[in-house]
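Undergrad: coordinates only, sequence not included:
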Ligand code: MLT
């Protein structure tokens, strides 16, 4: 009985590799942030953190897999505003209950969203883009990481605010969506700044506006849609969840390791260069994340209902 007691109290946790499910394709923003965190978290925990990409259903498939896993601390998911708030309203029958089916561990970062367009679209600023999109609405497409993902809802609320009825093309993550944007197969994408910025800097795509109210230090010259006269606010965040019923000693140990991970200078520098904002320590507690998920579900319900978009 001794080992069972030790593991329920978390004394020997972790004594084997831990899996971090990224509920989107490799190369996207959740994957990029997750791999940075996983590398350092593995050092802090003294056990490898294995990243597993499980895409589909706007992040719902990977999150559902973790909801159904054993709550022993060895399987976690890197959730987002999409997987743990927005999809709860967007889906008529959500794949899981974001509050009841998980144990919140730690909110890690806030990440702005940027509207980027294919580089051969014949517009060069926000006003030209909106005029062009209105004139060509029936022909235009926007890509996303799937129904219910942050990239999807960011473009949905933007399209609603700007009055653009545009066709949605879902992918398993914004990594593959960005590839098709670069290939000119879709017209625009509301991507996280962390993966959009390198492509903007390299000239592979054109930035149109940041969808947070304020500008980002990582792209200081890019105006916000709000500044341009379209009242919209879209962003994502990343947070770690275990399945429901995870023992408190394990949650506390994993939380402390994540706090340590996010304090690490190279982690902070790397994330800052990508435009992701590490949250303050008072927002990194499990209790904060539980309340935050609840308030984010409530906050997004009205704009999603107002958009008229729903997944049956
Ligand atoms: C999203 O919500 O759009 C995802 O985080 C994008 C991704 O990681 O592929």
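TA: Right, received. Where do you want to start? Because the structure is predicted, anything quoted here is derived from the model rather than measured.
Undergrad: hey, where'd the helices end up in the stretch 1-150 of the chain?
TA: Along the stretch 1-150 of the chain, the stretches classed as helices by DSSP state H, counting those that start in this stretch are 2-8, 29-45, 60-67, 81, 87-90, 126-135, 150-162.
Undergrad: count of residues packed around the closest residue to the ligand within the stretch 1-150 of the chain?
TA: In the stretch 1-150 of the chain, the residue that lies nearest the ligand is residue 28 (2.6 Å; CB to the nearest ligand atom). Where C-beta positions appear, they are placed from N, C-alpha and C, glycine not excepted. Using other CB atoms under 10 Å, residue 28 has 28 other residues around it.
Undergrad: Repeat that for residue 147.
TA: Close neighbours of residue 147, defined as other CB under 10 Å, add up to 22.
Undergrad: Now do the contacts for it.
TA: Applying CB atoms under 8 Å, 6 or more residues apart in numbering to residue 147 gives the contacts 57-58, 87, 90-91, 168, 170, 311.
Undergrad: Output these as TSV; include the columns neighbour count and distance to the ligand.
TA: Formatted as TSV, the contacts of residue 147 follow (neighbours: other CB atoms under 10 Å; distance: CB to the nearest ligand atom, whole Å):
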residue	neighbour count	distance to the ligand
57	22	12
58	32	7
87	31	10
90	25	12
91	18	14
168	16	12
170	17	10
311	16	15
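Undergrad: Just confirm residue 291 is within a helix.
TA: Yes: assigned with DSSP: H, G, I helix; E, B strand; the rest coil, residue 291 falls within a helix.
Undergrad: How about residue 104: what's its closest non-neighbour residue?
TA: Distances taken as CB to CB, 6 or more residues apart in numbering place residue 289 nearest to residue 104, at 3.7 Å, with adjacent residues excluded.
Undergrad: give the contact list for the one you found.
TA: Residues in contact with residue 289 (CB under 8 Å, 6+ apart) are 104-107, 239, 241.
Undergrad: Over to residue 311?
TA: Applying CB under 8 Å, 6+ apart, the residues near residue 311 are 90-92, 147-148.
Undergrad: and which of those is nearest residue 124?
TA: Ranked by distance to residue 124 (CB to CB), the contacts of residue 311 are led by residue 147 at 30.8 Å.
Undergrad: Please tell me how far the closest one sits from residue 113.
TA: In this view, residue 147 and residue 113 are 16 Å apart by CB to CB, to the nearest Å.
Undergrad: doesn't residue 255 make contact with residue 284?
TA: Yes: using CB atoms under 8 Å, residue 284 is in contact with residue 255, at 7.3 Å.
Undergrad: Hmm, residue 159 is touching residue 167, no?
TA: No: judged on CB under 8 Å, residue 159 makes no contact with residue 167 at a distance of 10.3 Å.
Undergrad: For the two, list the residues in contact with both.
TA: With CB under 8 Å, 6+ apart, residue 159 and residue 167 have common neighbours residue 142.
Undergrad: Mind checking which of those two has more residues around it?
TA: residue 159 (22 against 12).
Undergrad: what's the nearest residue to the more buried one if we skip its chain neighbours?
TA: residue 166 (5.6 Å).
Undergrad: Equivalent analysis for residue 42, please.
TA: Distance criterion CB to CB, 6+ apart; nearest residue to residue 42, sequence neighbours excluded, is residue 49 at 4.2 Å.
Undergrad: any idea how far the closest residue in space to residue 10 that isn't next to it in sequence is from residue 286?
TA: Among residues not flanking residue 10 along the chain, residue 249 sits closest, at 3.3 Å (CB to CB, 6+ apart). According to CB to CB, residue 249 and residue 286 sit 12 Å apart.
Undergrad: out of these two, which sits in the busier spot?
TA: Remark: of residue 249 and residue 286, residue 286 carries more neighbours, 20 against 15, as counted by other CB under 10 Å.
Undergrad: Correct me if wrong: the more buried one contacts residue 255.
TA: Yes: the pair residue 286 / residue 255 is scored as a contact, 5.8 Å apart, by CB under 8 Å.
Undergrad: Spit out the residues that contact these two alike.
TA: With CB under 8 Å, 6+ apart, residue 286 and residue 255 have common neighbours 105-106.
Undergrad: Can you list the buried residues in the helix or strand where residue 273 lies?
TA: Taking DSSP states H and E as the criterion, residue 273 maps to helix 265-274. In terms of neighbour count (16 or more other CB atoms under 10 Å), helix 265-274 has its buried residues at 267, 270-271, 274.
Undergrad: Please verify my assumption that residue 153 contacts residue 82.
TA: Yes: if you go by CB under 8 Å, residue 153 and residue 82 touch, sitting 6.4 Å apart.
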